[in-house]
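> Okay, sequence plus prediction incoming.
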Amino acid sequence: MAKKTLKKGLLITFEGPERCGKSTHSKKIVLFLRKKGYSVVHTREPGGTAVGDAIREVLLKKRKIFISPLAEMLLFEASRAELVKSVIRPALRAGKIVITDRFNDATMVYQGYAGGVPIKDIRKVESVSLGGVRPDLTVVLDIDISRGLRKIKTRLKDRMESKKISFHRKVRRGYLWLAAKDKKRIIVVKTEKRIEDTFLAVKEGVLRAVQKYTRSG
């Protein structure tokens, strides 16, 4: 199949509460787009670089370490700055599609809306860490919080998953709040019991965005 080219690189982010299916559907859309002939880079947050992976270990794996929401925010932004510089920006300049499992909206919701860090302070740091890079499309996978948390085995919970259910409910409200404020960029997809049904809605939303920038011929 001939490679398809874009008028510009595209950044598509997957967001949502815990166990909403971000990783599953970001992987599925990457395979789908590659089969369609697009050049796609797949990454995640925190992580995606050596620095980001080390920060991920601290943020998610070290459950016994207390990290304030402000410190969390700064660590996520540090990981993001490295990811943008080393992975995302080069791929966008090369005209590729970048799919990432979480990006800046996660910080707005987890550390800001749910964690209490002032949004204006997050935006100040973000203006440096993102360096002007913004998502072209964000897919928020919405799931009932109780249903999502039931999928997690207690012994396998990371630091974020281990937070109180009241925190996770705030996270969900935060994503819906962001989506209501930015309807042009953010689409909300309700997660269905069958993965295939959810992916159909994800695929339709992503294809609309991608085809808009696909070169003809």
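Yep, it's here.

> Give me the most central residue, the chain.
residue 102 (1.7 Å; Cα atoms, centre = their mean).

> Need the pLDDT of that one.
On pLDDT, residue 102 comes in at 97.

> Give the closest residue to it in space, chain neighbours not counted.
Of all residues not flanking residue 102 in the chain, residue 45 sits nearest, at 4.2 Å (Cβ to Cβ, 6 or more residues apart in numbering). Placement of C-beta: from N, CA and C, glycine included.

> The one you found contacts residue 103, correct?
Yes - counting by Cβ atoms under 8 Å, residue 45 sits close enough to residue 103 to count as a contact (6.0 Å).

> buried ones in the helix or strand of the chain with the lowest mean pLDDT?
Lowest by mean pLDDT, DSSP states H and E among the helices and strands of the chain is helix 145-150, with a mean of 78. Of all the residues in helix 145-150, those buried under the rule 16 or more other Cβ atoms under 10 Å are 145, 148, 149.

> And these, which is closest to residue 131?
For these, the minimum distance to residue 131 (Cβ to Cβ) is 32.4 Å, reached by residue 148.

> Hmm, residue 22 and that closest one touching each other?
No - look at residue 148 against residue 22 with Cβ under 8 Å: they stay out of range, at 10.8 Å.

> if we look at stretch 99-106, which residues are touching it?
11-15, 22-23, 26, 29-30, 33, 40-46, 48, 76, 80, 83, 88, 126, 129-130, 134-135, 138, 140, 175, 178, 186 (Cβ atoms under 8 Å, 6 or more residues apart in numbering).

> and the end-to-end length of that stretch?
15 Å (Cα to Cα, to the nearest Å).

> Which residue ranges of the protein form helices?
22-35, 50-56, 69-83, 89-93, 104-107, 119-129, 145-150, 165-181, 195-213 (DSSP state H).

> and these, which is most packed in?
helix 104-107 (a mean of 25; mean count of other Cβ atoms under 10 Å).

> Kindly export stretch 72-86 (C-alpha atoms) in PDB.
C-alpha atoms of stretch 72-86 as PDB (Å, rounded to 0.1, in the frame of the first residue of the first chain):
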ATOM      1  CA  GLU A  72       3.500  15.600  40.800                       C
ATOM      2  CA  MET A  73       2.600  18.400  38.300                       C
ATOM      3  CA  LEU A  74       6.200  19.500  38.000                       C
ATOM      4  CA  LEU A  75       7.400  15.900  37.500                       C
ATOM      5  CA  PHE A  76       4.800  15.200  34.800                       C
ATOM      6  CA  GLU A  77       5.800  18.500  33.000                       C
ATOM      7  CA  ALA A  78       9.500  17.500  33.100                       C
ATOM      8  CA  SER A  79       8.700  14.200  31.500                       C
ATOM      9  CA  ARG A  80       6.500  16.000  28.900                       C
ATOM     10  CA  ALA A  81       9.200  18.500  28.100                       C
ATOM     11  CA  GLU A  82      11.600  15.700  27.200                       C
ATOM     12  CA  LEU A  83       9.000  13.800  25.300                       C
ATOM     13  CA  VAL A  84       8.000  16.900  23.200                       C
ATOM     14  CA  LYS A  85      11.700  17.700  22.500                       C
ATOM     15  CA  SER A  86      12.900  14.200  21.700                       C
END
